[in-house]
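1. this is the structure alone, sequence omitted:
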Ligand SMILES: [Zn+2]
Ligand SMILES: [Zn+2]
């Protein structure tokens, strides 16, 4: 019998996670890469899938953040997506998805994450070959059509693992909403996405980042990630919050508001914080029952732009990797991750629980 690799599988809502071993592929299809996982991190959406907040295929291997070293390469794999040569043993990370490159969303609408033939890591039934479809496993089968990025030697695994979902998503959002140097940016939510958004907005020229949350503990971390002002809005009325934002922006209001709180109730006050002609990016409140009510009057009279963005175009994983690499002396990215859990059913369960109880924002799973 050939070599096998261990994975932790999600068997369905309310059922315990299970450890399984599957055979490694003997030969890879052209363009595929077999990665030996060195680290995975747990995203909030893993936890929500596990708890049944959305329909999800099972049995599956969760995990869509991680990195590893190349164990085997299919024919035709010579370079990463930026043109760096690849060899067995190289450390890489890769996009959350594989897309076909020829459908209308890939070719015309610039939304490859909505590809008609989309495949997403950590989101598929995984008891069929090639099995290794999520990062909570000793190996990941990186499919052809996936953008792959070689990781600089001087970056720690902890600095890289969450780029694949969290950092790439906010990087794409800031690009799509058109962050301009010198702008005042309000970030609603000092969680994983919010902390990356703060640091990456500053890194790309934001004049001021104003971070809004309801927990001082989270806001304190925000300061370390580039937030110039941290507003605890617990118990404050909308008018008071808006007047604080206006005080910080010479009376104008924010150029840009980014919702990464994951609570749709914060959206109406976000609209009120914007200046005339301001732009609003929605990325956090992604679940089907996240509802809000807006005065269309405010949107029209103030000539606002409201934009949603889900996942990302792969180029933004490359950009996130560059931005985090060059700013990692200024922002303590490593502090975002941990503690560490082993790749066992009990270990991954404990990691998911630690995220759920807000004991950590990015638990680590290590094979
Ligand atoms: Zn995620
Ligand atoms: Zn496509």
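-> Received it, and whenever you're ready, just let me know what you need. Quick caveat: nothing in here was measured; it's all calculated off a predicted structure. Residues are numbered from 1 along each chain as shown. Ligands and ions are numbered 1, 2, ... in the order given.
2. any idea how far residue 136 lies from ligand 2?
-> Using C-beta to the ion, to the nearest Å, we find residue 136 at a distance of 26 Å from ligand 2. For every residue, glycine as well, the C-beta is placed using N, CA and C.
3. then residue 271?
-> 33 Å.
4. next one: residue 164
-> Counting by C-beta to the ion - residue 164 and ligand 2 are separated by 20 Å.
5. same question for residue 367.
-> Applying C-beta to the ion to residue 367 and ligand 2 gives a distance of 32 Å.
6. give me the pLDDT for that residue.
-> For residue 367, the pLDDT comes out at 96.
7. so residue 325, which of the three states?
-> Residue 325 carries the three-state label helix when classified by DSSP: H, G, I helix; E, B strand; the rest coil.
8. which residue is the nearest non-sequential neighbour of the closest residue to ligand 2 within the stretch 201-350 of the chain?
-> Here the residue of the stretch 201-350 of the chain nearest ligand 2 is residue 313; by C-beta to the ion that distance is 11.7 Å. Closest residue to residue 313 apart from its sequence neighbours, by C-beta to C-beta, 6 or more residues apart in numbering: residue 112 at 5.5 Å.
9. pLDDT score for the one you found?
-> 97.
10. where's it relative to ligand 2, distance?
-> Distance from residue 112 to ligand 2, counting by C-beta to the ion: 6 Å.
11. need the contact list for the residue of the stretch 201-350 of the chain closest to ligand 2.
-> In this structure, residue 313 makes contact with 110, 111, 112, 113, 172, judged by C-beta atoms under 8 Å, 6 or more residues apart in numbering.
12. and stretch 317-336 with ligand 1, contact?
-> No: counting by C-beta under 5 Å from the ion, ligand 1 is not contacted by stretch 317-336; separation bottoms out at 12.4 Å.
13. outside of that stretch, which residues touch it?
-> For stretch 317-336, contacts defined as C-beta under 8 Å, 6+ apart pick out 81-82, 93-96, 147, 149, 151-152, 154-156, 158-160, 162-164, 167-168, 171, 175, 192, 195-196, 199-200, 203-204, 221, 224-226, 361-362.
14. how about 6 Å then?
-> Applying C-beta atoms under 6 Å, 6 or more residues apart in numbering, the contact partners of stretch 317-336 are 82, 95, 149, 152, 155, 158-159, 163, 167-168, 171, 199-200, 203, 224-225, 362.
15. among those residues, which are in strands?
-> Judged by DSSP state E, the contacts of stretch 317-336 include 95, 149 as members of strands.
16. list only those of the contacts of residue 313 flagged as buried.
-> Buried members of those, counted by 16 or more other C-beta atoms under 10 Å: 111, 112, 113, 172.
17. narrow the contacts of residue 313 to those in helices?
-> Per DSSP state H, helices hold the following members of the contacts of residue 313: residue 172.
18. can I get the contacts of residue 313 in JSON lines with distance to ligand 1?
-> Output for these, formatted as JSON lines (distance: C-beta to the ion, whole Å):
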{"residue": "110", "distance to ligand 1": "21"}
{"residue": "111", "distance to ligand 1": "18"}
{"residue": "112", "distance to ligand 1": "17"}
{"residue": "113", "distance to ligand 1": "12"}
{"residue": "172", "distance to ligand 1": "13"}
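19. tell me the one of the contacts of residue 313 nearest residue 88?
-> Of all those, residue 88 sits closest to residue 112, with 27.8 Å by C-beta to C-beta.
20. list the contacts for that closest one?
-> Residues in contact with residue 112 (C-beta under 6 Å, 6+ apart) are 99, 106, 313.
21. which residues of the stretch 51-200 of the chain lie near ligand 1?
-> Residues of the stretch 51-200 of the chain lying near ligand 1 (C-beta under 5 Å from the ion): residue 165.
22. would you mind measuring from residue 20 to ligand 2?
-> Separation of residue 20 from ligand 2 (C-beta to the ion) stands at 31 Å.
23. again, but for residue 158
-> Distance from residue 158 to ligand 2, by C-beta to the ion: 33 Å.
24. give me the pLDDT value at that residue.
-> pLDDT, residue 158: 98.
25. likewise for residue 288?
-> Reading off the model, residue 288 has pLDDT 85.
26. find the residue closest to it in space, skipping its chain neighbours.
-> In space, and not counting its chain neighbours, residue 288 is closest to residue 54: 7.3 Å by C-beta to C-beta, 6+ apart.
27. does residue 8 count as helix, strand or coil?
-> strand.
28. show the pLDDT at the closest residue to ligand 2 within the stretch 151-300 of the chain.
-> Proximity of the stretch 151-300 of the chain to ligand 2 (C-beta to the ion) peaks at residue 172, 16.9 Å away. pLDDT, residue 172: 98.
29. that one reaches residue 312, doesn't it?
-> Yes: with contacts counted by C-beta atoms under 6 Å, residue 172 reaches residue 312, the gap being 3.5 Å.
30. how about the helices of the stretch 151-300 of the chain, start to end?
-> Assigned by DSSP state H, counting those that start in this stretch, the stretch 151-300 of the chain shows helices spanning 157-160, 166-177, 192-203, 216-224, 238-248, 267-273, 296-301.
31. so which elements touch the fourth one?
-> It refers to helix 216-224. Packing partners of helix 216-224 (3 or more C-beta pairs under 6 Å, 6 or more residues apart in numbering; DSSP states H and E): strand 229-232.
32. and the contacts of the strand it packs on?
-> Here strand 229-232 has contacts from 210, 211, 212, 216, 219, 222, 244, 248, using C-beta under 6 Å, 6+ apart.
33. reformat those residues as CSV; add neighbour count, pLDDT and distance to residue 367.
-> As requested, these are exported to CSV (neighbours: other C-beta atoms under 10 Å; pLDDT from 0 to 100; distance: C-beta to C-beta, whole Å):
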residue, neighbour count, pLDDT, distance to residue 367
210, 24, 98, 40
211, 28, 98, 35
212, 29, 98, 38
216, 11, 96, 36
219, 20, 97, 34
222, 26, 97, 32
244, 17, 98, 46
248, 18, 98, 46
